[in-house]
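[1] from the sequence below, what's the structure:
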Amino acid sequence: MKRAATRIGDGETELEVPLETVCFIIIKAREFDAKDPVTEPSPASNPSDDHSAAILEDHDDDPVLEELRSLISDLSVDAQIDLVALMWLGRDDQSVDEWQGVRQQAADAHNEHTSDYLCGTPLLADHLADGLSTLGYSCAEYECEHL
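    Numbers count the residues shown, from 1 in each chain. I've put the predicted structure just below:
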């Protein structure tokens, strides 16, 4: 996939994570965030009897969450750092001028738990979208093509 580049300050900086990947993560995070709390932890009914309502609940073995964690874990370290920095940039309402500092903080804090950290962050999709917007990007075109 093509890398996304943006003008930041005096130089050009490339995101290590492809824009398409960030947009896909945003869509998956919205799918997961839309789930309801589990109302019956171990239903003994047939899924066809309850009209597959359990799909709409937030179970530990949720396939959307597993896909999201797997995708993030499979990214390069630099791409994971960019995701965390984008989330922080959007969450903390910072400016494009602060991108390099935020990215450096994300690099300093990076560890093997990045996918758990990101997936456990409330409003992850909104923060990532806001971070992209701060850098001048949008997932609107990607969403039109894939939704």
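[2] residue 27 sits in which helix or strand?
    Element membership for residue 27 (DSSP states H and E) is helix 19-33.
[3] and that helix, what's buried?
    Neighbour-count burial for helix 19-33, with 16 or more other Cβ atoms under 10 Å as criterion, is recorded at 19-32. For the C-beta atoms, the positions are set from N, CA and C on the backbone; glycine is no exception.
[4] my read: residue 33 touches residue 125, true?
    Yes. Here residue 33 lies in contact with residue 125, judged by Cβ atoms under 8 Å, at a distance of 6.2 Å.
[5] then stretch 87-106 to PDB, C-alphas only?
    Below are the C-alpha coordinates for stretch 87-106, written out as PDB (Å, rounded to 0.1, in the frame of the first residue of the first chain):
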ATOM      1  CA  MET A  87      -4.500   8.600  18.500                       C
ATOM      2  CA  TRP A  88      -2.800  10.900  20.900                       C
ATOM      3  CA  LEU A  89      -2.800  13.700  18.500                       C
ATOM      4  CA  GLY A  90      -6.600  13.400  18.000                       C
ATOM      5  CA  ARG A  91      -7.400  12.600  21.600                       C
ATOM      6  CA  ASP A  92      -5.400  15.600  23.100                       C
ATOM      7  CA  ASP A  93      -6.600  18.100  20.400                       C
ATOM      8  CA  GLN A  94      -3.000  19.000  19.500                       C
ATOM      9  CA  SER A  95      -1.800  20.900  16.400                       C
ATOM     10  CA  VAL A  96       0.100  19.600  13.400                       C
ATOM     11  CA  ASP A  97       3.100  21.500  14.700                       C
ATOM     12  CA  GLU A  98       3.200  19.100  17.600                       C
ATOM     13  CA  TRP A  99       3.300  15.900  15.500                       C
ATOM     14  CA  GLN A 100       7.000  15.300  15.700                       C
ATOM     15  CA  GLY A 101       7.000  15.600  19.500                       C
ATOM     16  CA  VAL A 102       3.900  13.400  19.900                       C
ATOM     17  CA  ARG A 103       5.500  10.800  17.600                       C
ATOM     18  CA  GLN A 104       8.700  10.900  19.700                       C
ATOM     19  CA  GLN A 105       6.700  10.300  22.900                       C
ATOM     20  CA  ALA A 106       4.900   7.400  21.200                       C
END
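[6] thank you, goodbye.
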